[in-house]
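Peer 1: Structure for the following, please:
(2 chains)
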Amino acid sequence: MKPPSFEYSRASSLDEALAVLGELGDEAKVLAGGQSLMPLLSMRLAAPRHLVDINRLSELAYVRTTAEGVRVGATARHADLERDADAARSQPLLVRAVRLIAHPTIRNRGTVVGSLAHADPAAELPAVLALLGGTVRVASVRGTREIPAREFFLGTFESALRPDELAVEAFFPALRPGARTSIVEVARRHGDYALCGVCAVRSPDRVRVALLSVAPTPLVLDVPDVAGAAELARSSVDPTPDIHASAEYRRHLAGVLTERALREAA
Amino acid sequence: MKVRLVVNGVPHDADVPARRLLSDCLRHDLRLTGTHVGCEHGVCGACTVLLDGRPVRSCLLLAVSVDGQEITTVEGLAHDGALSPVQQAFADCHALQCGFCTPGFLTTITAGLRDNPHPTEDDAREMIAGNLCRCTGYQNIVAAVLKAAGP
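Peer 2: Model prediction:
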């Protein structure tokens, strides 16, 4: 239960981090909060040659809210977003989703952008970003680009980040006037990864849900008919069974939680 | 790699490999064995310390990553030989039996009561939700949180 050996560099500026990533490419792994990466290292499920620690990039430790929405920098912790009153007013879904992530102690260190880059299909924030149509800004020595959520999540633990790129900011659009959002999930224990979760946005002209933990990437569904939403969710998912739940149970949850999320957002 | 950790107000220098976990650095390099190591992958909470005042899992941090930062371990809670209010409440309420998980609970609750000095019982349960105890069934730990908070 100890991490394997690796080379370590602690970046003191964004340029320095990008230069190291540019040089090392896929031999390097970015260390931000490390609340997912460190267990992977300790259990020897990952063995990168080089870790690039970005925790000292305090210029990226921001949560900024404007009329458009909430921008979260790469070293802002989950707890920073959870406690940000402006962000909660702009998009109430963010705080509610963050409170479902593990426990307060983990949220003190884990980062919002790291949760997106990790692309865990059971994580809340990728589904929230996909539901809201947010974006991830990534940077490398070659320049920066803005990746829409639907193009960012490619598969289980797989994002559109290239080996020399660093995810520097996430953008979550503000709640539109007249719209409401919700998130519900079922987990074995408080703070565990969800067996299934659903976040929803309802406005007069649009009803949309995003499901987590039932597909390799967040599953976004437009709901033309709220009465048929549960059936739509059930027929749209093809979950894989694992030690925690059968495929059949996850499909059942997808229907129940879709109904519940839409009721909460009504 | 050389690191300097300010643990309970005292600077400590150590020369550690990059892969050294903070929990191991505290216990093996600095000989501060009050911080206990349970699951070593972030689930049990026994190794919780305060990093610049915030509770974090020391088994999910590299010592080199927190070079120069302030750390409070369970050894830093008592002052002048007197137990801290949280420690005293644990003793009074029988909130520990074997004591393995206790350092993590004490650090977590110390920070929790600083952020929320007057928790409800629900708040107290949420405060300790990330820490596992296999002896007490948690009831007496919740009682200790409420007792430490005072009337």
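
Peer 1: domain ranges for the chain?
Peer 2: All of this is about chain A. Domain segmentation of chain A under automatic domain parsing yields A:7-53, A:58-173, A:180-264.

Peer 1: that's the wrong chain, I meant chain B
Peer 2: Taken from automatic domain parsing, chain B resolves into B:2-76, B:85-149.

Peer 1: Just send those back as CSV, with mean neighbour count and distance to A:M1 too.
Peer 2: To be clear about C-beta, it is placed using only N, CA and C from the backbone, and glycine gets the same treatment. Formatted as CSV, the domains of chain B follow (neighbours: other Cβ atoms under 10 Å in any protein chain shown; distance: least, Cβ to Cβ, whole Å):
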stretch, mean neighbour count, distance to A:M1
domain B:2-76, 20, 4
domain B:85-149, 19, 16
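
Peer 1: Output the ones you listed in CSV, with distance to A:A47 and mean pLDDT appended to each entry.
Peer 2: Compiled in CSV, these are given as follows (distance: least, Cβ to Cβ, whole Å; pLDDT from 0 to 100):
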stretch, distance to A:A47, mean pLDDT
domain B:2-76, 11, 97
domain B:85-149, 27, 97
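
Peer 1: Out of those domains, flag the one nearest A:E231.
Peer 2: The closest of the domains of chain B to A:E231 is domain B:85-149. By Cβ to Cβ, the value is 35.0 Å.

Peer 1: what's the distance between the closest one and the middle of its chain?
Peer 2: Chain-centre distance of domain B:85-149: 11 Å, with Cα atoms, centre = their mean, to the nearest Å.

Peer 1: Ok, stretch A:207-227 next?
Peer 2: 15 Å.

Peer 1: In three-state terms, label the residue in chain B that chain A sits nearest to for me.
Peer 2: Proximity of chain B to chain A (Cβ to the nearest Cβ) peaks at B:G130, 2.8 Å away. Three-state call for B:G130 (DSSP: H, G, I helix; E, B strand; the rest coil): coil.

Peer 1: Find the nearest non-adjacent residue to it, please.
Peer 2: A:H103 (2.8 Å; Cβ to Cβ, 6 or more residues apart in numbering or on different chains).

Peer 1: Contact partners for that neighbour?
Peer 2: Contact analysis of A:H103 by Cβ atoms under 8 Å, 6 or more residues apart in numbering or on different chains lists A:G191, B:G45, B:A129, B:G130.

Peer 1: So the first one belongs to a helix, correct?
Peer 2: Yep, that's A:G191 we're talking about. No. Using three-state DSSP, the assignment for A:G191 is coil, not a helix.
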